[in-house]
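Colleague: pasting a predicted model and its sequence here:
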Amino acid sequence: MTDAATTIPQVPPVVDEPVSEVGQLSQGMLIRMRFARNKLAMFGLIGLIVLYILVFTSGFLAPNEFTYQNQDYIFGGPSQFTFIGPNGNFSLRPYMYPMTTELDEVAFKFVFKLDKTQKLPVKFFVKGDTYKIFGFKSKIHLFGVDLPQRLYLFGTDSLGRDMFARTMQGGTVSMTVGLVGVAFSIVLGAVLGTASGYFMGVADDIIQRIIEVISSFPGIPLWAALAAALPPVSQNFTALDRYFLITVVLSFVGWTGLARQLRAKVMAYRSADFCQAAVAAGSSDSRIIFTHMLPNAASHIIVTSALAVPGMILGETALSFLGLGILPPMVSWGALLRDSQQVSVIVQHPWILIPGLAVVITVLLYSFMGDGLRDAVDPYSI
Amino acid sequence: MGSYILRRLGYMAITMVIVTILGYIIIELPPGSYVESEIARLRQMGGNLAPEQIESLYRRYGLDKPAYMRFLIWVSGFVRGDFGQSFQYNMDVSQLIWGRLGLTLVFSILSLIFSWIVAIVVGVYSATHRFTIPDYLITVSQFIGLSVPSFLLALVLMVFAQDVLHMEVAGLFSSAYQNAPWSFTKFLDLLNHMWIPVIVISASGTAWLSRVMRANLLDVLNMQYIQTARAKGLTENVVIWKHAFRNAIHPLIMILGGSLPGIISGETIVSMVLNLPTTGPLYVAALLQKDMYLAGAFLVFLAMALLIGNLGADLLLAWVDPRIRYE
Amino acid sequence: MSDIIGQEKVEQDVVLRIKDLHTYFYTDIGVSRALNGVSFEIPLGKVMGVVGESGCGKSVTALTIMRLLVRSAKIMKGEVSFFRHTKKNDLSTMIEAVDLLKLEAMGPEMRAIRGAELAMIFQEPMTSLNPSYTIGDQISEAIILHQEVDHHEGIQRAITVLDQVGMANPKMIVNRYPHELSGGMRQRAMIAMGLSCHPAVLFADEPTTALDVTTEAQILDLMRDLQTQFGTTIVFITHNLGVVAQMCDFVSVMYLGRIVEQAPVEELFYNSKHPYTSALLNSIPHVGSRTKTRLQSIRGVVPDPYSTIKGCPFHPRCDSFMPGKCDQGMPAQSHVNPTHTVRCFLFSDEVEE
């Protein structure tokens, strides 16, 4: 009788190895764990959260209101501080030297004048300009100096407006345009890409031709043409309306990438065994798409979206820089950079490029996070 | 291979037709027309126009006909090389665009070649020297290259060149050489003005391409045939450049077409910042002024350049990868 | 530099001697001791089979000898001596001993040996050939490199060797790309590439695993013929005991980075001593065995390569486990008879240092 020996005699266990938890975790948890291990990606995620919080509380954070024009301080530089109090001793509280700018008629430049005799204490929770935040008005700013003096962290622009406040305010537009645009792109791209890959045939041909045609146009020229079609800001068409239409314009080109990728994935899934099994079991089309295919593709969609946001932000920045995107009174980082088209202006007042730095930082953070997401979702890619 | 080329040309022709139609529709989108903005401008200056004058303006610019007729008339001129009239400059569109398109192509091609060479060298180096300090530095500069908007980079480089290197870099030539006859020094001046545009236009493309190159090479280096090659006793250099690179380059050539829109886009913006006589400045001005035929011609030609570039990329891929030829 | 020991009669019939080889892989997760004291001799002109389950280290052994390991692998200690047999004019044979571990892996001396004197072919013919170059280019590459001929002559020799491996129409095949050939043809091309420079030793890492049975039979016949014809020593790495029975003269059984038993093929099949070998042999399904019996499998699983097991590595799965002995020390290699060695406390009490 050859029944295989199934009784397992007592045997000392293998030394060293704890039971691995890996086999007991869901895929979602695995992805989150891998992402969390990636320091650069976590840095990107946390940095972005911090930035979003900062820009949406910009009214409170900035010492001045972003539209206030200070005639006494045109193209002024960043405020200068000292830690030596008026009595000559070191103090933890910084003191600001008041500054003004005057127009030098001979050289036709604005000259910066620093008054070192006065030292103004920098206070916290200071009363300043009125602003609106989350629907209600307030006068309290996180830090600043007593009115009528003003604190300018990043200097001022050609109309004497606080660059720090304007950069933060511009962030609310620039950092959300990308998200809204990507949201539109996902909807369009997912619907059309899935339809194209699943139903194939005529629908696929038509959608593919459309994608090809749209992809034949270079990005910025196409965006420029579409943006030029938008009506100017007026009573009937507010800056907010324009903001939404700009995001639509941006996503008009953006959806093609996602559509193509989803189409490829859906076509691959179609012939995969798990979908064949669902078909054989009599599942309806919508069930196969929504229950079987899309959850598998979901992580890919998320990664693609995260990686697409930087492109949208850069696109909006470029459009606004050209004067075709966000228009006043709304501010975005690109619109702020319109002031800096002259090299001479930049050389004399380099702080007006700070919104550009904000763009770079935001895009970098999104890139780190997006890369980390991609690595976490697909561990075999490099 | 011949039939493959013919098929691709056929597809391209069809796409070209649709692109022309779509391009025209897009250009027609802005409400109002050039005539209306002209009238508004005149009114602002205090003048006014009688209805007959307005009508004759419409007729002169051909704006009295319905849209599709204008389109057909415009397109029919293509064969003769007539792309309509520019309203702003009162000239033939073809006179305005050829020179500028040519320069756009020059910059685009130069940037393409530059970005490819740099991307390949950097990508292969960082793939074969992983986890070393130069690799980390390369990764950092790649991230920066992808994050900085092209016009910002152009501005920063311009400031750097003017302040630190004391060079005049705007435009195509320095003021001294603008109208001078051609000479070697004029050529050097031209080169001096070209390096910023080429670097800026290719910056983000290079960053992205070199990462793809690195990833592809790493994938290929894991393949079994690389070990077969080493087992034959070849040097590591031969293994990398003859065996690995040859296969790693395929996906790159496939996306060659994909890097072209970025280059042409970048060229448009950079030329505005650096004041180069290419398509950018003229195109944007035409859009803002609703100078339809001028803008339309630019858009359609840019799209055409892209399509031809893609065709070239496909042909190159078929030549390099023997598996595709037999489709 | 190569160690020339001079003529030694005792090495007359040994082409490779491996002593106490330790190869470890350093990864993020830990250290994997892929080879943990491998010692054996490969007899000249014979077919040596190396058998074991996945992960036991059989491929790593070949890769270590060929110095083809990845950067994360370190050869911690050991000796690999290659005995180069050269026939002289007076029909005597000069034997040079070369310590392969002392050479730089990608240095000129090792590269001269690799491909020309020691060759290796791999498992997947699909992926082992470069899809972008013709068969002729790939075979002649080694020939041109080692035999220093020009391109035309290289192709001619490639055609010759393709003919020798039984490829139909070799003149046409040299201009074909790998994707145009079938699996069997590709493997023949691989074998041709391996034998093109008439190496002394050919390492074959599971060359027929990816082929269907009929093609496998043909390839095995071919290898046997070529081995007789050229006198090449073949090291045949496989997990398939049936193939071993058919092809090999000697067999080494590996488990978890160590050789647990080594014997001539018939001796191994009819007189195996190590419990692991016996278990392996018992797990082969037999044609004609009684119906409704369960397949015998070795209980337990192959342990995690990153773990360390005290004592004999097989003891957690061994039916003859002796507590207090098998879990304390590693058994030393002992001789059952002059050609048959085994590492097991059932046959010797000697513990390895």
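Modeller: Cool, the structure landed. Numbers count the residues shown, from 1 in each chain, chains lettered A, B, ... in the order given.

Colleague: okay, now the unreliable bits of the stretch 151-300 of chain A?
Modeller: A:233-237 (pLDDT under 70).

Colleague: who's in contact with the helix or strand harbouring residue C:217?
Modeller: Using DSSP states H and E, residue C:217 falls within helix C:213-230. Here helix C:213-230 makes contact (CB atoms under 8 Å, 6 or more residues apart in numbering or on different chains) with C:47, C:164-166, C:183-184, C:187-188, C:191, C:195, C:198, C:204, C:207-208, C:211, C:232, C:234, C:236, C:243, C:246-247. Every C-beta, even on glycine, is put in place using the N, C-alpha and C of the backbone.

Colleague: now narrow these to whatever sits close to chain A.
Modeller: Among the contacts of helix C:213-230, proximity to chain A is found for none (CB under 8 Å from any CB of the partner chain).

Colleague: just the buried residues of the residues you listed.
Modeller: Neighbour counting over the contacts of helix C:213-230 (16 or more other CB atoms under 10 Å in any protein chain shown) leaves C:47, C:164-166, C:184, C:187-188, C:191, C:195, C:204, C:207-208, C:211, C:232, C:234, C:236, C:243, C:246-247 as the buried ones.

Colleague: and those, which of them are in strands?
Modeller: Within those, residues falling in strands by DSSP state E are C:47, C:204, C:234, C:236.

Colleague: biggest separation within those residues, which pair?
Modeller: C:47 and C:204 (9.3 Å; CB to CB).

Colleague: list residues touching both of these two?
Modeller: Common neighbours of residue C:47 and residue C:204, using CB under 8 Å, 6+ apart, are C:234, C:236.

Colleague: so where do the helices sit in the stretch 151-300 of chain C?
Modeller: Taking DSSP state H, counting those that start in this stretch, the helices of the stretch 151-300 of chain C run over residues C:151-164, C:170-173, C:183-195, C:213-230, C:241-247, C:265-270, C:275-282.

Colleague: which other residues reach the second one?
Modeller: In other words, helix C:170-173. Helix C:170-173 is contacted by residues C:135-136, C:158-160, C:162-163, C:167, C:181, C:185, C:189 when judged by CB under 8 Å, 6+ apart.

Colleague: does stretch B:267-274 come close to chain A?
Modeller: Yes: using CB under 8 Å from any CB, stretch B:267-274 reaches chain A at B:268-269, B:272-273.

Colleague: please produce TSV containing those, extended by neighbour count.
Modeller: Shown next, in TSV, are these (neighbours: other CB atoms under 10 Å in any protein chain shown):
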residue	neighbour count
B:268	27
B:269	24
B:272	23
B:273	26
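
Colleague: which one of the residues you listed is nearest to chain C?
Modeller: The nearest member of these to chain C, counting by CB to the nearest CB, is residue B:268 at 37.0 Å.

Colleague: just to be sure, the closest one is in a helix?
Modeller: Yes: assessed by DSSP: H, G, I helix; E, B strand; the rest coil, residue B:268 belongs to a helix.

Colleague: who's in contact with it?
Modeller: A:218, A:220-221, A:224, B:278-280, B:283-284.

Colleague: now residue B:108
Modeller: B:201, B:260, B:263-264, B:267, B:305.

Colleague: and the pLDDT at it?
Modeller: Here, the pLDDT recorded for residue B:108 equals 87.

Colleague: element containing it?
Modeller: Residue-wise, residue B:108 maps onto helix B:93-128 under DSSP H and E.

Colleague: distance-wise, check residue A:161 relative to residue A:336.
Modeller: Look at residue A:161 and residue A:336: by CB to CB, to the nearest Å, they are 10 Å apart.

Colleague: who has more neighbours, these two?
Modeller: residue A:336 (28 against 21; other CB atoms under 10 Å in any protein chain shown).

Colleague: correct me if wrong: the more buried one contacts residue A:167.
Modeller: Yes: with contacts counted by CB atoms under 8 Å, residue A:336 reaches residue A:167, the gap being 6.7 Å.

Colleague: mind listing the shared neighbours of these two?
Modeller: Common neighbours of residue A:336 and residue A:167 (CB under 8 Å, 6+ apart) are residue A:355.

Colleague: re earlier: redo the contacts of residue B:108 as CSV? Include neighbour count, secondary structure and pLDDT.
Modeller: Listed next are the contacts of residue B:108 as CSV, based on neighbours: other CB atoms under 10 Å in any protein chain shown; DSSP: H, G, I helix; E, B strand; the rest coil; pLDDT from 0 to 100:
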residue, neighbour count, secondary structure, pLDDT
B:201, 30, helix, 87
B:260, 22, helix, 81
B:263, 25, helix, 84
B:264, 26, helix, 83
B:267, 31, helix, 85
B:305, 22, helix, 83
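
Colleague: need the max-distance pair from those.
Modeller: Maximum pairwise distance among the contacts of residue B:108 (CB to CB): 14.1 Å, between B:201 and B:305.

Colleague: run through who's touching whichever strand or helix holds residue C:83.
Modeller: Element membership for residue C:83 (DSSP H and E) is strand C:73-87. Strand C:73-87 is touched from outside by C:3, C:11, C:14-26, C:34-35, C:38, C:44, C:60, C:64-65, C:69, C:93-101, C:113, C:117-118, C:200, with contacts defined as CB under 8 Å, 6+ apart.

Colleague: what residues does the stretch 51-200 of chain B have near chain A?
Modeller: Neighbours of chain A within the stretch 51-200 of chain B, by CB under 8 Å from any CB: B:143-144, B:146-152, B:155-156, B:158-159, B:162-163, B:170.

Colleague: would you list the buried entries among those residues?
Modeller: Using 16+ other CB under 10 Å as the threshold, B:143-144, B:146-152, B:155-156, B:158-159, B:162, B:170 are the buried ones among these.

Colleague: restricted to helices, list the contacts of residue B:268.
Modeller: A:220-221, A:224, B:279-280, B:283-284 (DSSP state H).

Colleague: if we can go back for a sec, tilt between the helix holding residue C:217 and helix C:183-195?
Modeller: Using axes from the mean of the first three to the mean of the last three CA atoms, to 10 degrees, the inter-axis angle of helix C:213-230 relative to helix C:183-195 is 20 degrees.

Colleague: tell me if residue C:24 really is in a strand.
Modeller: Yes: with three-state DSSP as the criterion, residue C:24 is part of a strand.

Colleague: show me what it is bridged to.
Modeller: Beta-bridge partners recorded for residue C:24 (DSSP bridges): residue C:33, residue C:74.

Colleague: ok, and for the lengthiest helix in chain A, which residues are buried?
Modeller: In chain A, ranked by residue count with DSSP H as the criterion, the top helix is helix A:163-199. Of the residues in helix A:163-199, A:163-178, A:180-182, A:184-186, A:188-190, A:192-198 count as buried by neighbour count, 16+ other CB under 10 Å.

Colleague: show me what that helix is packed against.
Modeller: On a contact count with 3 or more CB pairs under 8 Å, 6 or more residues apart in numbering or on different chains; DSSP states H and E, helix A:163-199 meets helix A:39-56, helix A:58-61, helix A:201-215, helix A:239-270, helix A:294-322, helix A:333-337, helix A:354-377.

Colleague: just say which of those helices is most tucked in.
Modeller: helix A:333-337 (a mean of 28; mean count of other CB atoms under 10 Å in any protein chain shown).

Colleague: what packs against that helix?
Modeller: If you count contacts as 3+ CB pairs under 8 Å, 6+ apart, helix A:333-337 packs onto helix A:163-199, helix A:294-322, helix A:354-377.

Colleague: now it: mean pLDDT?
Modeller: Helix A:333-337 carries an average pLDDT of 88.
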